[in-house]
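>>> 3D model of this:
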Amino acid sequence: MSEADELCYVYGITYDGVKLPEGVDGLDDRPIDLVRDGVLAAVVSDVASGHRIGRKAQLLAHCRVLDALASQAAVIPLRFGTVVAGRAAVAEDLLEAQAERFKAILEQLDGRSQFTLRARYDEERVLTEIVAEDPRVAELREQTRGRPEDSTMNARIQLGELVSSALTRKREVDTPAVLEPIASHAAAYSMREGRGGVDQLVDVAFLVEDDKRSEFDRAAESVARALTGRVRLQLMGPTAPYDFVPEG
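Here you go, the predicted model:
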């Protein structure tokens, strides 16, 4: 093996004996393979020494491999950009050195998949609600509408603070209304950091047992119907359990 082919890019850890998904290539269209130890296996592909990793296309390939594998077996996703110095090091430094930890995590993930829910306010609708509910907001909005920023700066700051506080109060009420009916059909959930903005309500990952997926889907659909016109829900999955791998 040449020096350029000695490094391994590692996608995740699964059980030995798992069949690799067909028609799925890894980073930079490299074929994926398994490094096995008899119980566990690491999903890998070759990477040239000094090859730069960090492009969006590579991240998408990383997730594509893991999601395809997760559709047929439990898998522990490793962090994007994990490179190990050869297959022997993968076997010794990953599979052998962390065997008990990996086995315990795989047992927790077996038969479960991740779904990610993003709930966003209809921005125009929620701002209309805030204006209608607080006369101070309505008054400041009229004072600043169509007038130069430099002459209305204080009013604009006060308006922004009032709107921000109102949004916080709304989220405190609306978040449980979205989360609780759906979370009751999941084995676990993890709140994620959203992208911010007026429309942000909930960004949450759920770990769902395969045999409870129908109930989970129905709960999400029921919440979406109840909030139609006010909140938009986007449900993505099943995917590999990126948000449910313990640190370590």
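
>>> need the longest helix for this protein.
helix 153-183 (DSSP state H).

>>> Show me what that helix is packed up against.
If contacts are counted by 3 or more C-beta pairs under 8 Å, 6 or more residues apart in numbering; DSSP states H and E, helix 153-183 sits against strand 112-121, helix 123-133, helix 135-144, strand 200-209, helix 213-226, strand 231-239. No exception for glycine: its C-beta is placed from N, CA and C like everyone else's.

>>> any idea how far the third one is from the chain center?
Relative to the mean C-alpha coordinate of its chain, helix 135-144 is positioned 38 Å out (C-alpha atoms, centre = their mean, to the nearest Å).

>>> With just CA atoms, put it into CSV.
Below are the C-alpha coordinates for helix 135-144, written out as CSV (Å, rounded to 0.1, in the frame of the first residue of the first chain):
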residue,chain,number,x,y,z
PRO,A,135,-50.6,48.4,22.5
ARG,A,136,-47.0,49.6,23.2
VAL,A,137,-45.7,47.6,20.3
ALA,A,138,-48.4,48.9,18.0
GLU,A,139,-47.7,52.5,19.1
LEU,A,140,-43.9,52.2,18.6
ARG,A,141,-44.5,50.5,15.3
GLU,A,142,-46.5,53.5,14.1
GLN,A,143,-43.9,55.9,15.4
THR,A,144,-41.0,54.3,13.5
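
>>> can you pull the buried residues of the helix or strand of the chain with the lowest mean pLDDT?
Taking mean pLDDT, DSSP states H and E as the measure, helix 135-144 is the helix or strand of the chain with the lowest mean score, a mean of 89. Within helix 135-144, the residues that qualify as buried are V137, L140, R141, T144, counting by 16 or more other C-beta atoms under 10 Å.

>>> Extract the residue ranges of the protein that are flagged as low pLDDT.
For the chain, the stretches flagged by pLDDT under 70 are 1-5, 194-195, 248.

>>> still on that earlier bit, show me what counts as buried in the longest helix of the chain.
155-156, 158-159, 162-163, 166-167, 170-171, 174, 178-179, 182-183.

>>> from the residues you listed, which single one is nearest R118?
The nearest member of these to R118, counting by C-beta to C-beta, is V178 at 10.3 Å.

>>> which ones are touching that closest one?
V178 makes contacts with L117, A119, L201, V202, V223, L227, V231, L233, as judged by C-beta atoms under 8 Å, 6 or more residues apart in numbering.

>>> Most neighbours among those residues, which one is it?
Neighbour counts for the contacts of V178 peak at A119, which has 26 neighbours (criterion: other C-beta atoms under 10 Å).

>>> Tell me how far that residue lies from V178.
5 Å (C-beta to C-beta, to the nearest Å).

>>> Now the common contact residues for these two.
L201, V202, L227, V231, L233.

>>> list the contacts for the residue nearest to the second one when sequence neighbours are not counted?
In other words, V202. With sequence-adjacent residues excluded and distances taken as C-beta to C-beta, 6 or more residues apart in numbering, V202 is closest to A119, at 4.0 Å. Contacts for A119 (C-beta under 8 Å, 6+ apart) come out as V178, L201, V202, D203, L227, V231, R232, L233, Q234.
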